[in-house]
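J.: With the input below, show me the fold.
(one chain, ligands or ions: 1)
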Amino acid sequence: MLDEAEIRMHARRFMAGLDLSLIAQDLSVYTKKVQAKLRKEELEPGESGYTLTKRDGSSVIIVNERERLERQRFSICHEVAHIVLELKSDHRDTPSWSYAKRDENEIACDIFAAELLMPLDAFKRDADQEPPSFQLVERLRGQYVVSFAACASRLAAVSDYPCAFVTMNARVIRHASRSKALRDLRAWIVPKSPIPQGSVAQRLVRDEEWSGEDDAVPQDVWFQDWPKGYDLIELAKHYPSYEETFSLLWFEQDSGPDEPVNNFAGVPAEQDDGGLRELDGHLSFSKRR
Ligand SMILES: [Zn+2]
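T.: I've put the predicted structure just below:
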């Protein structure tokens, strides 16, 4: 099984030398490279796409035209990944964003797809133009034509700002992607712990609201063993029908600690929740266990 760093390297090798200037409108630069034609059809609800490969090695990628454009684009790149990585499909009926339930091959293809949709160098350059914010996520979403979750997660991974993207289900934290700056401060979000009291995410789940933002969430709400006296900004989205909640957390300039926080629990081991090891631009992962 490929680990995450290897998948990202595969994707970057696949993209090397391609003209990526038009990928926001047209992904044929990728489909052509794998000798695939694209077909849009009305598939069953929940079915995003699949690939038919012919004996001559050419393929047809079929995506569900009933789904949102950004979802279709993700499906196209996901299917390209199946072809490039030669991984079999297991498209059982799991929501695309429920990382934890997905098969390893499917997670690998999702990681590959995110690389294709948000090429590292260009995305990082655009993300570093300004501090994280709702407007920045929306602008990048529009520019790269990707989902909120894909965009915010990529932003947290590549940002130069202290920033995290947290994926939750109805009750617990599934995964947190932290920027290097936040990891360097030793801000640690405990996986599998309950959605914290006092967070925007928790309020949305409780009130069944879809979206909320608060620019003064005490940081010890989110970070383990964190000193009091600092506030962070939290932007959260909640999708009741999928029981999925996402939060983007970041510091206002100069509002966080300057030095790494001494964490009495020690420096935690990198988390591995068995789900998607997050969309990190830094190739520093340990092997998937
Ligand atoms: Zn797949």
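J.: quick check, residue 52 in a strand?
T.: Yes: when the secondary structure is assigned by DSSP: H, G, I helix; E, B strand; the rest coil, residue 52 falls within a strand.
J.: contacting residues for it?
T.: Contacts here follow C-beta atoms under 8 Å, 6 or more residues apart in numbering; on that basis residue 52 touches 59, 60, 62. Where you see a C-beta, it was placed from the backbone N, CA and C, and this is true even at glycine.
J.: Secondary structure element for the second one, which one?
T.: Spelled out, that is residue 60. Residue 60 belongs to strand 59-64 when assigned by DSSP states H and E.
J.: helices or strands next to that strand in the packing?
T.: The contact analysis (3 or more C-beta pairs under 8 Å, 6 or more residues apart in numbering; DSSP states H and E) places strand 59-64 against strand 36-41, strand 49-53, helix 69-85.
J.: list the helices and strands the last one packs on?
T.: So the one you mean is helix 69-85. In terms of contacts (3+ C-beta pairs under 8 Å, 6+ apart), helix 69-85 is packed against helix 4-15, helix 28-33, strand 36-41, strand 49-53, strand 59-64, helix 104-117.
J.: Return the angle between stretch directions for the longest one and helix 4-15.
T.: Relative orientation of helix 104-117 versus helix 4-15 (axes from the mean of the first three to the mean of the last three C-alpha atoms, to 10 degrees): 50 degrees.
J.: Which helix or strand lies directly C-terminal to helix 104-117?
T.: Next along the chain after helix 104-117, taking DSSP H and E as the criterion, comes helix 120-127.
J.: CA atoms only for that next one, dumped as CSV, please.
T.: Once side chains and other backbone atoms are set aside, the C-alpha atoms of helix 120-127 remain, and they are given as CSV (Å, rounded to 0.1, in the frame of the first residue of the first chain):
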residue,chain,number,x,y,z
LEU,A,120,0.7,22.8,-4.6
ASP,A,121,2.8,25.7,-5.8
ALA,A,122,0.0,27.8,-7.3
PHE,A,123,-2.4,27.1,-4.4
LYS,A,124,0.2,28.0,-1.8
ARG,A,125,1.1,31.2,-3.6
ASP,A,126,-2.6,32.2,-3.7
ALA,A,127,-3.3,31.1,-0.1
